[in-house]
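Q: how does the following fold in three dimensions:
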Amino acid sequence: MIGRISALTEDVRNYMAVLIGVNFLVGLRATIFLFILGVAYAILRGLLAWFMGYIPSIGFIIALIPPVLLAYAQYGLQTALIVLGG
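A: Purely as a prediction, here's the structure:
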């Protein structure tokens, strides 16, 4: 019983380590991408992408909406579509 609990704990720890790394890379990429496009608050949007990555299924979509709307307000439809595609 203790061996199975230890194995489960190790699996959860490995899953969280991978998830933290992947979410960090997603947030970093989003920050750099938005910074290159000149969208305001790129660092804040990157942090939002990082934290929302922990919410299964819809976290990415929730994190995507504000930068697309901000890019649309700042630069127009073309930049908003580039942010959406990126």
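Q: which of the residues in stretch 32-39 are buried?
A: When burial is assessed from 16 or more other C-beta atoms under 10 Å, stretch 32-39 yields the following buried residues: Phe33, Leu34, Leu37, Val39. All C-beta spots, glycine's among them, are computed from the backbone N, C-alpha and C.
Q: pretty sure the third one is touching Thr79, no?
A: Think Leu37. Yes: look at Leu37 against Thr79 with C-beta atoms under 8 Å: they come within range, at 6.2 Å.
Q: any residues in contact with both of the two?
A: Ala71 (C-beta atoms under 8 Å, 6 or more residues apart in numbering).
Q: so which elements touch the top helix by length along the chain?
A: Ranked by residue count, the top helix of the chain under DSSP state H comes out as helix 2-37. For helix 2-37, the helices and strands in contact under the criterion 3 or more C-beta pairs under 8 Å, 6 or more residues apart in numbering; DSSP states H and E are helix 42-52, helix 59-75, helix 77-85.
Q: flag every buried residue along the first one.
A: Burial within helix 42-52, assessed by neighbour count using 16+ other C-beta under 10 Å, is assigned to Ala42, Arg45, Gly46, Leu48, Ala49, Trp50, Met52.
Q: again with the second one
A: With burial defined by 16+ other C-beta under 10 Å, the residues of helix 59-75 counted as buried are Gly59, Ala63, Leu64, Pro67, Val68, Leu70, Ala71, Tyr72.
Q: once you drop chain neighbours, what's closest to the third one?
A: Read that as Leu64. Leu84 (7.2 Å; C-beta to C-beta, 6 or more residues apart in numbering).
Q: one more: the fourth one?
A: The shortest distance from Pro67 to any non-neighbouring residue, by C-beta to C-beta, 6+ apart, is to Arg45 (4.7 Å).
Q: could you report the pLDDT at that neighbour?
A: Turning to Arg45, the model gives it a pLDDT of 90.
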